[in-house]
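**Student:** Need the 3D shape of this:
(chains A and B)
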Number of protein chains: 2
Amino acid sequence: MRKKQPLFSLLTAAILASSSAVASDTATPKVTVSDWLAQSSSSDWRELDAENTLYLELPAGRVIIELASDFAPKHISNIKALVREGFYQNIPIVRVQDNYVVQWNEPDGATPKPLKQAKRSIAAEFTVKLPANFAFTALADFDGYAPKTGHVNGFAMAMDPSNNSGWLTHCYGAVGIGRDNEADSGSGTSMYVVTGHAPRHLDRNITLVGTVRQGMALLSTLPRGQGDMGFYTSADQYTYIKDITLATDLPPEKRTALQVLRTDTATFKGVVEAQRNRGGDWYLHPAGYIEVCNVRVPVRETQVK
Amino acid sequence: MRKKQPLFSLLTAAILASSSAVASDTATPKVTVSDWLAQSSSSDWRELDAENTLYLELPAGRVIIELASDFAPKHISNIKALVREGFYQNIPIVRVQDNYVVQWNEPDGATPKPLKQAKRSIAAEFTVKLPANFAFTALADFDGYAPKTGHVNGFAMAMDPSNNSGWLTHCYGAVGIGRDNEADSGSGTSMYVVTGHAPRHLDRNITLVGTVRQGMALLSTLPRGQGDMGFYTSADQYTYIKDITLATDLPPEKRTALQVLRTDTATFKGVVEAQRNRGGDWYLHPAGYIEVCNVRVPVRETQVK
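**Tutor:** This next block holds a predicted model:
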């Protein structure tokens, strides 16, 4: 931790010197993530996919979730149905467990909301079969929880080349589907967001659908529940969700214009290397390693509200 | 995530069946952490070391930090001097960065508090030389950031057998010493607590002194700073520390009686295995792996306040 707030000086000379060979840079490279972003081009970024972007509207503001349609198509389709049927209006956050998750669903004992097209249970999508030519940006770094990890479309993922199965990883900000003991007992009427150290042991045990791109602090600062597993012990502790909407269903002026760094670019590889072996003047011992949940995928807002 | 709050049924039969051979249990062991704790004996636990326990008193309550005197003896000695000189009284929390750290120190531009015996800079203790016979509970699991990881006295640690150096790891709740760019520029007048996904790239770059044993939520729910790196942008956003005291300096009735599970016990090995391959009825795919920051060392309060 720096004792004081530093000035962010962009080390342009260092970028020019090393941008073509960052991975083979010296033991203490000086290039930082900020440097890489400062020299990025507009083609390094993409808009969030409005068809797969949820706005979780809380009293304190908007949490923006991007859905990863390659990984849980049935659940994502059902979430969209739930959104469009108004299911999430006034659904409470019932659980806030420190260093773990925030979770919302109908409270225990409440009369279930009637559904139209949406379903209350769907076959699990803990892993998906990847196409033979599936392209992602793999990390060379060892991972204990999976044979391979990396990123695709800005989502942290893992895969097993032995059977071409793939899954999203439980990193900070990952969004998933609550279930009971039966694998197929979830559908999106209960959802959660990871707000702590990556609980990777949940991988392949539960369906993940996407990640939070903006607004994590609105979830991570919620009062912790005092019951077992962080459940609130009475309804007056709930925070109620105003609604969850799909970006594509809102007029452009009500959307938040966010861009995420493309993870299939040289700039992203530079960003990862700058996180693997931190640049700048502060770091003295480069880690020489990064695990998938310590890779922070850059996001930027492109419209002044 | 379970959709509903489960009953905690203690699987006593399962414990009896597998307690002698948990590591070689079936692919889906049923023993949980709760089971292990329910059958623990009093000798599996130890009291916090009052000589090395800090009470960080915030307006909202007490955060309890245990110091690891084996790892940063000079900094810990200086922190005790700072405590006893009243340095921490009314020191503000100046930085709260989401998914990263909470940090306190004198604000930028403030007149430095006068010190007596305490110092403002101390030689870095990023690593320590371990005795040749140093005993700790090693994890067999691979770690990308260090040759070996494990626990000693309830602290997560790493070590390099090639030179017998050891260091505490930046897991959730780790407590460290802020510094400027120079390695020796810290002393405890600036401190931080990890409140997010383990930033293990900080390991061996900065001096860690201990870990939070209770009260993390008092730090992790603080409003995030809106400036660069989570610094607050004005003093009216600060939370002021009332004081930091040493447990040993307080009369017994003002202390909090906490116990931590001994990490040199068979019970702890069982707890780790129950976290490596989760028991109970919910988990379907055992991870078969655990990384050091996903091991949660159990703590219990032994006195009803």
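**Student:** A:M157 is in contact with A:H151, correct?
**Tutor:** Yes: at 6.6 Å, A:H151 counts as touching A:M157 under the criterion of Cβ atoms under 8 Å. Quick note: C-beta positions are derived from backbone N, CA and C, even for glycine.
**Student:** Give me the more crowded residue out of those two.
**Tutor:** The residue with more neighbours, out of A:H151 and A:M157, is A:M157; 29 against 22, by other Cβ atoms under 10 Å in any protein chain shown.
**Student:** partners of A:A174 in the sheet?
**Tutor:** Beta-bridge pairing for A:A174 (DSSP bridges): A:T211.
**Student:** correct me, but it touches A:V194?
**Tutor:** Yes: counting by Cβ under 8 Å, A:V194 is a contact partner of A:A174 at 4.5 Å.
**Student:** picking up where we left off before, shared neighbours of A:H151 and A:M157, which are they?
**Tutor:** Residues touching both A:H151 and A:M157 (Cβ atoms under 8 Å, 6 or more residues apart in numbering or on different chains) are A:136, A:292.
**Student:** quick revisit: between A:A174 and A:V194, tell me which one has more neighbours.
**Tutor:** A:V194 (30 against 26).
**Student:** Please report phi then psi for the more buried one.
**Tutor:** Dihedral angles of A:V194 (phi, psi; degrees, to the nearest 10) stand at phi -70, psi 130.
**Student:** now swap in A:A266 and tell me
**Tutor:** Here is the backbone geometry of A:A266 (degrees, to the nearest 10): phi -60, psi -30.
**Student:** do the same with A:V83
**Tutor:** Per degrees, to the nearest 10, the backbone of A:V83 is at phi -60, psi -50.
**Student:** Count the neighbours of it for me.
**Tutor:** A total of 20 residues lie near A:V83 under the criterion other Cβ under 10 Å.
**Student:** separation between it and A:V194?
**Tutor:** 21 Å (Cβ to Cβ, to the nearest Å).
**Student:** Could you list the low-pLDDT ranges of chain A?
**Tutor:** In the predicted model of chain A, residues A:3-29, A:303-305 satisfy pLDDT under 70.
**Student:** Domains in it, by residue range?
**Tutor:** A:12-43+A:264-301, A:50-258 (automatic domain parsing).
**Student:** any chance of those domains in JSON lines, plus distance to B:L37?
**Tutor:** Shown next, in JSON lines, are the domains of chain A (distance: least, Cβ to Cβ, whole Å):
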{"stretch": "domain A:12-43+A:264-301", "distance to B:L37": "27"}
{"stretch": "domain A:50-258", "distance to B:L37": "14"}
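**Student:** Out of those, which is closest to B:Q275?
**Tutor:** Distance to B:Q275, taken as Cβ to Cβ, is lowest for domain A:50-258 among these, at 7.2 Å.
**Student:** end to end, how far does the closest one reach?
**Tutor:** Using Cα to Cα, to the nearest Å, one end of domain A:50-258 lies 10 Å from the other.
**Student:** Also stretch A:218-225?
**Tutor:** 15 Å.
**Student:** May I see the buried residues of that stretch?
**Tutor:** Neighbour counts over stretch A:218-225 (16 or more other Cβ atoms under 10 Å in any protein chain shown) mark A:218-222, A:224-225 as buried.
**Student:** Just the residues you listed: which are in strands?
**Tutor:** Counting by DSSP state E, none of the members of the buried residues of stretch A:218-225 fall within strands.
**Student:** of all these, which comes closest to B:K116?
**Tutor:** Using Cβ to Cβ, A:T221 comes nearest to B:K116 of these, at 37.6 Å.
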